[in-house]
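1. Give me a model of this one.
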Amino acid sequence: MDPRIQYCITQIEQKILHDSTEHCAHDALIQELAQKIRLSRFHLSRLFLKDFQHSPRDYIHRNLMGRCALMVAHTRQPPFSIAIDMGFSSQQAFTRAFTRYWGISPGQFRQAHSCYIAKTNESNKLAADVRGLPASNPRITIRELPPTRFWAVRYEGMSNQKYACWNDFRKLFANLRSDMLTGPFFGLTYDTPMFVPTPFMRYYCGVQVPHGFGPKPKDAFEITLPGGRIATCEAQSTAHEVTALYGTLLDHWLPRSNYSLRASCFAERFEEFPLNWDAKSHRVQLNCWIQ
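-> Predicted coordinates for the structure are as follows:
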């Protein structure tokens, strides 16, 4: 993929899913990106379609609708409140846009998700009863996170192959002694299992960079996670088991709390490099931004 398009994709995901809530700011963002990479909007759109099979406007809208879906499914915020938070002019405008994209209204979407969670909980309870295992409920903590700068590489692929992303990411630092790659390390994702088809996952592997450390690998981007209030839970798990943490935080705790999602971005934090995460369990802390 053209590195200029890779840069634009990264910026769209950061701004739409973490920063901007203005659904009407598409044109301004596209113009800003075109200026950054010194292309006209026309040539930017052509490159985007050629390399990514989406226009910039379509990709921005897709990310925005994904963020709306997370807020509808994982919080108790009324549709009017979500519409205001996301920059829509009215609840009716939000409902029309949501229904056009997802095929059902926000209310029907929330009800479907509730049914999905109820069935999942029942299946998990039955499985635990059969195995004689106690229910596992990691503790949720609330804390303030300072802005965090790190180097990251963006991956796409199977949602159950995060471990392969980390193994590849380690190759960027093949010439670095293991005791110098001290972390912490971050796995950044904008997709949760309910909304993402199995073949598609957007995942960033990153390492926090101490001041003066370098040079940055040419394939990496510099990303700054915004500061703010986060909810966290942690557990010892393999890559295949980490989805249970998402369920605990998003499906069980968040809807019962008085918080809502501030961003549709989730950060997995590791103190040690999660090499061979498919076979070896690592201590992982899952964070989501709340308000």
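
2. State the pLDDT value of the nearest residue to residue 67 once chain neighbours are set aside.
-> Among residues not flanking residue 67 along the chain, residue 264 sits closest, at 4.1 Å (C-beta to C-beta, 6 or more residues apart in numbering). (C-beta placed from N, C-alpha, C; glycine too.) pLDDT, residue 264: 74.

3. Can I get the host helix or strand of residue 264 as PDB, trimmed to CA atoms?
-> Taking DSSP states H and E as the criterion, residue 264 maps to strand 261-270. Extracted C-alpha coordinates of strand 261-270, given in PDB (Å, rounded to 0.1, in the frame of the first residue of the first chain):
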ATOM      1  CA  LEU A 261     -17.600   5.500  25.900                       C
ATOM      2  CA  ARG A 262     -15.500   8.500  25.100                       C
ATOM      3  CA  ALA A 263     -13.800   6.800  22.100                       C
ATOM      4  CA  SER A 264     -14.300   3.600  20.200                       C
ATOM      5  CA  CYS A 265     -10.600   2.700  20.800                       C
ATOM      6  CA  PHE A 266      -9.300   0.000  23.100                       C
ATOM      7  CA  ALA A 267      -5.700  -0.500  24.300                       C
ATOM      8  CA  GLU A 268      -4.200  -3.700  25.400                       C
ATOM      9  CA  ARG A 269      -1.200  -3.000  27.600                       C
ATOM     10  CA  PHE A 270       1.700  -5.400  28.200                       C
END
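
4. The helix or strand that it is followed by: partners in the sheet, and parallel or antiparallel?
-> Remark: after strand 261-270, the chain's next helix or strand is strand 282-290, criterion DSSP H and E. Applying DSSP bridges, strand 282-290 is found paired with strand 228-237 (antiparallel), strand 261-270 (antiparallel).

5. Mean pLDDT lowest where, among those strands?
-> Across those, the lowest-scoring stretch is strand 261-270, with a mean of 84.

6. and for that strand, what are the contacting residues?
-> Taking contacts as C-beta atoms under 8 Å, 6 or more residues apart in numbering, the residues outside strand 261-270 that touch it are 17-19, 66-67, 70-71, 74-75, 183-190, 192, 225-226, 228-229, 242, 246, 254, 282-291.

7. ok, now with 7 Å
-> 17-18, 66-67, 70-71, 74-75, 183-190, 225, 228, 242, 282, 284-291 (C-beta atoms under 7 Å, 6 or more residues apart in numbering).

8. follow-up on the earlier one: run the chain-centre distance for the strand holding residue 264.
-> 6 Å (C-alpha atoms, centre = their mean, to the nearest Å).

9. quick one: buried residues of it?
-> 261-270 (16 or more other C-beta atoms under 10 Å).

10. what's the answer for stretch 58-75, then?
-> In stretch 58-75, counting by 16+ other C-beta under 10 Å, buried: 59-61, 63-75.

11. Out of these, which sit inside helices?
-> 59-61, 63-74 (DSSP state H).

12. out of the residues you listed, what pair is the most spread apart?
-> Across these, the longest distance by C-beta to C-beta is 22.6 Å; it joins 59 and 74.

13. now, which of the buried residues of stretch 58-75 sits nearest residue 158?
-> Nearest member of the buried residues of stretch 58-75 to residue 158, counting by C-beta to C-beta, is residue 66, at 18.4 Å.

14. show me where this structure has helices.
-> Using DSSP H, the helices of the chain run over residues 3-14, 26-36, 41-52, 56-74, 79-85, 91-102, 106-131, 162-171, 243-246.

15. Pick the most deeply packed of those.
-> Sort these by mean neighbour count, taking mean count of other C-beta atoms under 10 Å, and helix 56-74 sits at the top with a mean of 21.

16. could you give the angle of that one to helix 41-52?
-> 60 degrees (axes from the mean of the first three to the mean of the last three C-alpha atoms, to 10 degrees).
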